[in-house]
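Engineer: sequence? don't have it. structure:
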Ligand SMILES: Nc1ncnc2c1ncn2[C@@H]1O[C@H](COP(=O)(O)OP(=O)(O)OP(=O)(O)O)[C@@H](O)[C@H]1O
Ligand SMILES: Nc1ncnc2c1ncn2[C@@H]1O[C@H](COP(=O)(O)OP(=O)(O)OP(=O)(O)O)[C@@H](O)[C@H]1O
Ligand SMILES: [Mg+2]
Ligand SMILES: [Mg+2]
């Protein structure tokens, strides 16, 4: 109860007028059965949090059900400890990369048989992402990926190719005077666009071998990223350090995701978003994430609370109004088929959307979970010049295989 | 109660002392200056003092530079960051206290309506208390202030029971260990000394076990349970600390009281405890700090609505970005009460930590 | 007011390895002021603390007012104690310090307590200090408050453990008189421990001398001074100390001569004395400095040199070349040169004789039996 | 060895609010042993610490061996100091304690240091203690080590700050003699601070009396005792204290009578004394207890009652009903009853006269000019 | 009132309060609560360490009773311990941890004594205020300060540490990607986190140093350094030693610094023991193995402490009090 009170006191009721008109096509009212109360967990930035609270309020106002949302600070730890202990939520909001692992560990529930929405309502990639071995364990509402962001004061025209981009970066890169060519966190997720652009891959359960770290294409891609981007970046590969120069207007380009935009707006940087430039002989192919509402273990029973949770998830992922607003305000990339490529979307989102089209969804296979850390270590080493790409990837692959055992 | 009163008095003295320091300093400076002018005092000495003071100040400031740096980013408006590309800056470019306002949010005591029914009549007196505004966040362009006040309340409701509980556990134990001889006394003391140190960082290692136990007993997400846990972890070190302190209190006070006819518990209440003021203050601060700053266990055990300040602070950090200005402002606001308390308790803590009982 | 009786009292520490007090018997009369004196570590404090109930005797019994209190807890004994370092509660005002005992051991109301405290404070001349904390008091004032705290309770017995030893010489004299005055007024049975023999002598109705946990002698001060039971008591009581010499006894039937080093040669004529030393080869003789006088040469006069002359204003102390550190106290106008050779004489009646081995007085027993005092 | 000269030495604390030492002038000769005495807080320690270099004078100069050392740091002055609480380094053995000063202030090799320490230790009779830590020593042993530590450095000047006040009476006397013996042997200039006038009197070649930061009198002990410069000195030196009475001066030209309360009536005949009190209404007279004798009734004999009789063994102190606490020291065989009425008499030559207002001696100046001593 | 006081009197007369052995009752509550919250989990961990516990099986089963059976986890014997003790990464972390303890404690002691001397110096004015300011780091949650230090040690040219180096004319350092630079960064941060505690203990100890001893040494001809070595240091030795042992334990168990800085990197090179355990246990949720690691760590630190307590005679005050 205290959550609700708190929601009421802290959401200052902005845009209340919009809310009432928006709830028209939600299927919730038509449902029968008793009213339930569901818990939903998420981990959001401050800017997104307001919208989320507003959405919850809107749903709770319009529906007989109640959904209580909490912003949980370490969602992974929290879910893995609380769900098996029977203390977990009904729904939680995260990118789709946990799907396989969590399904195998019994943290999430398949509700494909009870769904009231057709998965065809979402883009194919999104619909694919929420399933594991044919089980639907949640509903998608947005995509995320990294794309090219440029400072309009320095760059007139977003470059089409990496070669073009390089010359612009070169022009602006001058660390002595605190300007840089590029702001680019150097980790597996961010680098995946290049690692996969020449046909390489990190991990693909349908490929042979599943682990593609040492494939020559992958190595080539990473080497490419290293050669072309590192010289124009600050020395620290971590997100924080990389994000800073561009957001202060001191870098020509950034490669980053939609979540970055709010910071940029806050700081008043004049920016534009474009598709990732293409490397010679390839196409940037970043890993994409699908943000989704997971059906947690608590939804295993068909009671009113589960109904509440499901109806919220369905309402949230299909409500065009809501999603459009999210796109406008938070740069969220819709995966609802009806909105996906729509011209109604702001240009940034359209650009991200295009990148998403080029990209490949992150694997949902549980084994993927054990790939990230060794790969991150390898990339750090490579970035720091402590090892060649080939050697580092070999080492990483070895560690991954050990972990799998 | 007299303990409380004496603490209040001491705090007052300290405050007065603090306030009169400039006056005293001025007086001293004048005396020295006169002495120097009259040729009685060699000018080398005051200069040496000045030099040493400045040197000390430099060291202190160097140590505190990270804090200052945080402060700058907190004052740089919402865009502040400790990752500033623009080189070393000693002052914020566009100082703004907005992040602090965001942390605090509105400080408004709303107006209440108080009705007083007048007996034997139908009528009632109705008062409207005025609305008192200390800080109106919206005036600074802050619409969605942080949950600081709630976190603060949670922290307080965790830290205070922690302090009370640990005092209840520590004080009798320390007294008995310091003053009485009984079976197993040495073993317990030895164990405490040992665990004082082993216990310090077991937090993480024990998290799994702890969480399991809490969950199974259904005590997770309970602030009180967390307090009990903190109090438990505080027992060895603080018992030991207080025991060492009590060892330094001459036995003759106790004997005087006994000869005066005081029963054991009154000896403790009327003599030992008031004389252990410094030790108690130290234990107080330490246990309070445990409850106030602990992060890992609190984050594991507590649900959102019960987040304490450190967890609340860390929930500002999202997967990809740290809102430095707010983060810093939050942290500094968080630390300020402790600084104040320490400033006044310093005397006691320095006395309470002297381990006088350890010598010889 | 009550008597205090110690009966074979014994205290051992560390499982009997240290015997702090060894089988002491003592009767203190009602209203008597007994001083206990002895060198450091002789067990004075331990004895006192057993009377107070702060230590439990290993064996033996303690009775206060005729009632056996050996197993009675300290707080149930109606005694008050004044400690060496005052033990005033530093966090309480003088008023609260004094009222504490009343609060604990009586049923007096707050007002009655205040009244009692005020009266006592007036008696002690500390009524102006009632609101101060011990820290703000001078040594003498603290001592007064500590006394007041004991007096205000009007106990059966007062116990003092070297209450004046932290004061400077002048103040000590003043406080000494003050305690005596109070004791005269209140007539409370008191046991007063000190290591200062002068204090013990001047203050006590009776004086108890301890050494190594054992009782050496009890008696009226003058008696103890004039007739010490053994060499220890003789040397301990009196300042400057009694001079001691080991001498050979040369008895040729008619006369008895005492022959020592440094040309000491003394002929005993008194029969009683001759009897006392009779049949022994060697005895220790003791002679008090004030009984040594500078004389001309003559029979029994000893010739010696003045090694050091110490003027103390009222008198001069002459350190003489007889035995080890032999002192004569002479009037301040007797001023021999350092190194000068002089003759000193002393009266046979002022001589004390002790067994050369165990130090027991050779005269004490006979005199005791002749004129028993206590 | 060296002289010590204090020239207008002054020390203020808390920005001049407290004047601890007020313009003291003093010359200590080479090899002289000077004792500084005065009540607590009179500035003794402060003076000594200024000589040591531990405090810096507010104004004035200090010279050691003729050399101005006012601005020389303590560790560069060749002085050794013995502290009240011994100040032995608790973590060092006796050996190391004694060798520390040598290590710091000389260039001796390790072996030489060991040798020097051993020699001194033998001289002090502490050679068996060299391997012990201070904690394991008794008070007297600690004191010996502290002395040894000072002596081993063979400094120009020894400074002692109440070195014996933590010892018990007996030990104090022994150590006192020991220090004197050492000083005689070493002949090092020494300044010795104490609050015990007896110590000051017996030990000092010369005695310096301070009060309230001001120098009251300097002189050979006996001289100071016999001829105090003012009432303070008269009262401070000597035990029991000098008795004081305020009397009216009734001069009818032929005779001068001093009339006080309690039937005190004394006729002055000596011209010198009559001159001294001449022209005054009231004077304070001082008379030492040992100068008061019990007599029969007669001219100038004062009749009074015995209030308390205090036996100290060698003597009896009679507290008489004249003025406040008037004491007569009489032989121990003079034993009037308490409350008995007796006559006491004193010689006019033993009387001291002081100004009733400022306490200055009325005889001092005249005698000074007649026979200057220092 | 009178009944109340009579009751109070009665209670006072209850003999056991004055019996020495009964004093154990005063210690027991603390001991009990402490055991319940610290020893029970340790025992529980010990149990888990012999099973293949992971979240899915550990929490299976209902009711409080399943706590005691470790849910449905299966007994695997000492397999977890064998796995840990044969893992080269473990031995690497073991070595690094001790190295870290040695270096960071040395750094902490030197820093703290230095700072403490400065803020108690005779001639320094405003000491009290300085002392209050200096403890500010103690009032901030470690997780925050460590995050800040992570920023300070950014390898980027604009990281604070690098900016300072730049201002001094040095070139930038890749702090966290170079093994020893990262190790250095850990040490600096650890020292900064721990100095307030050490300084207040040292300051208190310094205030108890006998002024008279200093004066004796001055008169003996000792200069500042000699006095520090021969008077100050021996006098503060015990409290400082005590604080050092405490802080050594803290260093041993340091988790947040390596974790937040670079997960014990680069490439697990600086993985301190607790980080190692955390990585093994939580990244892949192998609770059984995690428990085994924790216990091995606890055992080591227990032995370390035991040796220190014995050797440093910390429990001495215990013996004779
Ligand atoms: N708690 C104790 N444990 C062991 N020995 C003790 C204890 N208390 C006293 N003693 C020993 O008992 C003996 C007598 O001690 P006590 O304190 O009675 O001496 P004292 O005459 O009061 O000496 P002082 O004049 O120094 O106060 C001493 O040898 C002392 O060492
Ligand atoms: N550091 C100080 N600050 C302020 N006042 C001081 C200080 N040291 C001494 N005084 C004052 O100076 C005066 C003389 O002190 P000093 O210590 O010299 O006295 P003393 O004669 O040695 O006394 P005692 O016999 O008690 O040792 C006293 O009034 C004392 O209060
Ligand atoms: Mg004693
Ligand atoms: Mg002094």
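Structural biologist: Perfect, I can see it now. As the structure is a computational prediction, the values presented were derived from the model and not from experiment. Ligands and ions are numbered 1, 2, ... in the order given.
Engineer: spell out the secondary structure type for the residue of the stretch 1-150 of chain A found nearest ligand 2.
Structural biologist: Closest approach between the stretch 1-150 of chain A and ligand 2, counting by Cβ to the nearest ligand atom: residue A:73, at 55.4 Å. The C-beta positions use only the backbone N, C-alpha and C, and glycine is treated the same way. The local conformation at residue A:73, judged by DSSP: H, G, I helix; E, B strand; the rest coil, is coil.
Engineer: and residue C:278, how many neighbours does it have?
Structural biologist: Neighbour count for residue C:278, taken as other Cβ atoms under 10 Å in any protein chain shown: 13.
Engineer: separation between it and residue A:59?
Structural biologist: Distance, residue C:278 to residue A:59, using Cβ to Cβ, to the nearest Å: 124 Å.
Engineer: so how far is the longest strand belonging to chain A off the chain centroid?
Structural biologist: Assignment by DSSP state E gives strand A:287-295 as the longest strand of chain A. Distance, stretch centre to chain centre, for strand A:287-295: 7 Å (Cα atoms, centre = their mean, to the nearest Å).
Engineer: in that strand, which residues are buried?
Structural biologist: Within strand A:287-295, the residues scored as buried using 16 or more other Cβ atoms under 10 Å in any protein chain shown are A:287, A:288, A:289, A:290, A:291, A:292, A:293, A:294, A:295.
Engineer: buried set for the following helix or strand past that strand?
Structural biologist: Downstream of strand A:287-295, the next assigned helix or strand under DSSP states H and E is helix A:304-318. By 16+ other Cβ under 10 Å, the buried positions in helix A:304-318 come out as A:305-318.
Engineer: got it, and stretch C:275-288?
Structural biologist: Within stretch C:275-288, judged by 16+ other Cβ under 10 Å, the buried ones are C:276, C:277, C:283, C:284, C:285, C:286, C:287, C:288.
Engineer: and those residues, which two are the farthest apart?
Structural biologist: C:277 and C:288 (18.6 Å; Cβ to Cβ).
Engineer: so residue C:303 is in contact with residue C:343, correct?
Structural biologist: Yes: between residue C:303 and residue C:343 there is a contact under Cβ atoms under 8 Å: 5.3 Å.
Engineer: residues shared between the contacts of the two?
Structural biologist: Listed as contacting both residue C:303 and residue C:343 by Cβ atoms under 8 Å, 6 or more residues apart in numbering or on different chains are residue C:297.
Engineer: ok, residue B:175 to ligand 1 distance?
Structural biologist: 20 Å (Cβ to the nearest ligand atom, to the nearest Å).
Engineer: can you give me the distance of the residue of the stretch 1-150 of chain A closest to ligand 2 to chain C?
Structural biologist: 46 Å (Cβ to the nearest Cβ, to the nearest Å).
Engineer: and the closest residue in space to that residue that isn't next to it in sequence, how many neighbours?
Structural biologist: Excluding its sequence neighbours, the residue lying closest to residue A:73 (Cβ to Cβ, 6 or more residues apart in numbering or on different chains) is residue B:315, at 3.8 Å. Residue B:315 sits with 22 neighbouring residues when counted by other Cβ under 10 Å.
Engineer: could you do residue C:214 as well?
Structural biologist: Using other Cβ under 10 Å as the criterion, residue C:214 is surrounded by 16 other residues.
Engineer: for it, which non-adjacent residue is closest in space?
Structural biologist: Counting by Cβ to Cβ, 6+ apart, residue C:214 lies nearest to residue C:22, which is 4.9 Å off, once chain neighbours are set aside.
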